[in-house]
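Visitor: Have a look at this prediction, sequence included:
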Amino acid sequence: MTGARRPLRLGTRKSLMAMTQSQGVANALTQHTGHAVELVGVTTHGDVSKALLAQIGGTGVFVNELRDKLLSGEVDFAVHSLKDLPTTATPGIALAATPARDDARDALCGPVKLADLPHGARVGTGSPRRVAQLRALRPDLDVVPIRGNAPTRLGKVTDGELDAVVLAHAGLRRIRRLDAIAEVFDPDQMLPAPGQGSLALECRADRTDLIELLGALDDPMTRAAVTAERMVLTVLEGGCSAPVGTYAAEVDETLHLTATVAAYDGSRQIRMSASGHPDSAKQIGRDLADRLLGQGADQLMGEPD
Ligand SMILES: NCc1[nH]cc(CCC(=O)O)c1CC(=O)O
């Protein structure tokens, strides 16, 4: 095509968090490639359903509509939170880039740190992974399932319905609510969701031009880390609602991966680590998942009552 180029259409969810992260990607892409980018807001099933996420199955509820719009050509590429992507590949869709990761950790939001919450305090989270790890840390807490976007969840603390909520640090930063954090959980206490804190840029697999263009934003260290993390989830056959926590990071060209599978009631937790060359990210993840299964991880993966 010659003459003025059409702006690239970036499909995004419409929440403040999604719009902020998508605008950040749009700005970075324009800066790196000179292409203008225009945001196209899309409502997904995950945004409209009132059911608890764990009940509607979790996997894919935030991404399927965006992928449909990629396949139909209504948008050129889409930005997702990587942790919301199902582990199974979708035919015709390519993961074109994983930009440099934000803080991957979870954060306790409320007036006091975890150790200072009173016995029986009400802590909200909709994620079985967070429920299981919170119960393992503080079995006396009353962990309450909640959903809604991050501002809604934070509102339940402000209005006194809950004593605290657990949210991703990266999301809180994007909505400019780091002020709500009482404590950031070290991965030793609570392992994040596979891919937490990183973004996924997807486009149609046949758009090789775009795959190359978007590749300008890819961060190989992030890609290796999230590849290993997601492989653990793939082998354990869990979606974003599985009680599986992982964290991988590269130090001196070695990729270190830690993963946990925790019983929903907090009664049992298996936690193991592995490391290797970043080029072997998939294999590191696969081997670690196999070792977790060898320790009985599948017995801890059952649906909560
Ligand atoms: N499941 C919703 C979701 N998807 C991505 C984020 C935050 C950003 C991230 O984890 O990358 C959140 C909210 C949360 O878990 O607190």
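Guide: Thanks, I have it.

Visitor: switch to C-alpha atoms for all contacts and neighbour counts from now on
Guide: Will do.

Visitor: Tell me, how many residues neighbour residue 116?
Guide: Applying other C-alpha atoms under 10 Å, we find 9 other residues in the vicinity of residue 116.

Visitor: Ramachandran coordinates for it?
Guide: phi -100, psi 0 (degrees, to the nearest 10).

Visitor: try the one 10 residues further on
Guide: Dihedral angles phi and psi of residue 126 (degrees, to the nearest 10) take the values phi -100, psi 0.

Visitor: How much space separates it from residue 132?
Guide: Distance, residue 126 to residue 132, by C-alpha to C-alpha, to the nearest Å: 11 Å.

Visitor: could you pull out the helices for this protein?
Guide: Assigned by DSSP state H, the helices in the chain fall at 16-33, 45-48, 64-71, 128-137, 150-158, 169-174, 208-214, 220-235, 281-294.

Visitor: per-residue confidence at the residue nearest in space to the middle of the chain?
Guide: The chain has residue 83 as the residue nearest its centroid, 2.5 Å off, counting by C-alpha atoms, centre = their mean. Among the per-residue scores, residue 83 shows a pLDDT of 94.

Visitor: Please renumber the chain so that the first residue is 49 from this point on.
Guide: Let's use 49 as the start, then, which means that last one is residue 131.

Visitor: tell me the contacts of it?
Guide: 241, 242, 243, 244, 245, 246, 288 (C-alpha atoms under 8 Å, 6 or more residues apart in numbering).

Visitor: try it again with 7 Å
Guide: Each residue near residue 131 by C-alpha atoms under 7 Å, 6 or more residues apart in numbering is listed here: 241, 242, 243, 244, 288.

Visitor: Which residue, other than its chain neighbours, is closest to the third one?
Guide: The shortest distance from residue 243 to any residue that is not its chain neighbour, by C-alpha to C-alpha, 6 or more residues apart in numbering, is 4.6 Å, and that residue is residue 131.

Visitor: what do you get for the first one?
Guide: Taking C-alpha to C-alpha, 6+ apart as the measure, residue 241 lies nearest to residue 293, with 5.0 Å between them; neighbours along the chain are not counted.

Visitor: I figured the one you found hits residue 239, correct?
Guide: Yes: Residue 293 is within contact range of residue 239, at 4.6 Å (criterion: C-alpha atoms under 7 Å).

Visitor: Surely residue 58 touches residue 88?
Guide: Yes: counting by C-alpha under 7 Å, residue 58 touches residue 88, with 5.8 Å between them.

Visitor: where are the low-confidence patches of the protein?
Guide: Where the chain drops to pLDDT under 70, the residues are 49-52, 96-107, 286-290, 350-353.

Visitor: mind giving me the domain ranges of it?
Guide: As assigned by the TED database, the chain contains the domains 56-147+246-266, 154-232, 276-348.

Visitor: Please identify the deepest-packed of those.
Guide: domain 276-348 (a mean of 20; mean count of other C-alpha atoms under 10 Å).

Visitor: How about that one and the ligand, any contact?
Guide: No: Domain 276-348 stays clear of the ligand (C-alpha under 6 Å from any ligand atom), getting no nearer than 7.7 Å.

Visitor: for that domain, the distance to its chain's centre please.
Guide: Distance of domain 276-348 from its chain centroid, counting by C-alpha atoms, centre = their mean, to the nearest Å, is 15 Å.

Visitor: Could you check how far the nearest residue to residue 319 once chain neighbours are set aside is from the ligand?
Guide: Spatially, and ignoring its direct neighbours in sequence, residue 319 is nearest to residue 308 (4.2 Å; C-alpha to C-alpha, 6+ apart). Applying C-alpha to the nearest ligand atom, to the nearest Å, the value for residue 308 to the ligand is 17 Å.

Visitor: and residue 308, bridged to which residues?
Guide: Here residue 308 sits in beta bridges with residue 293, residue 319, as judged by DSSP bridges.

Visitor: same question, residue 125
Guide: Residue 125 has these beta-bridge partners by DSSP bridges: residue 58, residue 251.

Visitor: Surely it is in contact with residue 250?
Guide: Yes: if you go by C-alpha under 7 Å, residue 125 and residue 250 touch, sitting 5.5 Å apart.

Visitor: residues contacting the spatially closest residue to residue 325 that is not a sequence neighbour?
Guide: Leaving aside its sequence neighbours, residue 325 sits nearest to residue 302 (C-alpha to C-alpha, 6+ apart; 5.1 Å). Applying C-alpha under 7 Å, 6+ apart to residue 302 gives the contacts 323, 324, 325, 326.

Visitor: how much space between the last one and residue 299?
Guide: Spelled out, it's residue 326. On the measure of C-alpha to C-alpha, residue 326 and residue 299 end up 10 Å apart.

Visitor: same deal with the third one?
Guide: As judged by C-alpha to C-alpha, residue 325 and residue 299 stand 10 Å apart.

Visitor: Run through the residues of the stretch 49-198 of the chain sitting next to the ligand.
Guide: 129, 132.
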